[in-house]
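Colleague: Any chance you can model this:
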Amino acid sequence: MVKDVWQELAKGRNNILDLSALMQNDKVYMDGLISFISFEQAEEHLIVYINENGGFSKECFDINAVTDIVTLHNTLVYSDEFDDVIKQLLQNNQIVMEYL
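Modeller: Model prediction:
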């Protein structure tokens, strides 16, 4: 079971998505992460939808499969491609995926 703490507080910021606990799941691999998280840009915020069971597919997003929702405030992404969003978040140090 993944704990429901998805954001990390660092230097007064709360826009760091911490997926470390999710990455502990034996079913989660970097190349299959798209089954577990999905993104939506909502004005200047990035909405992150999480399915702890890997219930998303690249072809179809089902809001009913969402187990958690996280908002990364003041986060603009410049692509709607999953890999590009992950790369941008990594480059901006806004995502943590440590294996504990």
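Colleague: Show me what secondary structure element comes after the helix or strand hosting residue 17.
Modeller: According to DSSP states H and E, residue 17 maps onto strand 13-18. Note on strand 13-18: by DSSP H and E, the next helix or strand toward the C-terminus is helix 20-23.
Colleague: C-alpha coordinates for that following helix, CSV please?
Modeller: What follows is helix 20-23, C-alpha atoms only, in CSV (Å, rounded to 0.1, in the frame of the first residue of the first chain):
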residue,chain,number,x,y,z
SER,A,20,9.3,7.2,-3.9
ALA,A,21,6.7,5.1,-2.1
LEU,A,22,5.0,4.3,-5.4
MET,A,23,8.4,3.2,-6.9
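Colleague: which is the next helix or strand following that helix?
Modeller: Downstream of helix 20-23, the next assigned helix or strand under DSSP H and E is strand 37-42.
Colleague: Quickly run through the sheet partners of the next helix or strand along the chain from that following strand, with directions.
Modeller: As assigned by DSSP H and E, the chain's next helix or strand after strand 37-42 is strand 45-50. If you go by DSSP bridges, strand 45-50 pairs up with strand 37-42 (antiparallel), strand 68-72 (antiparallel).
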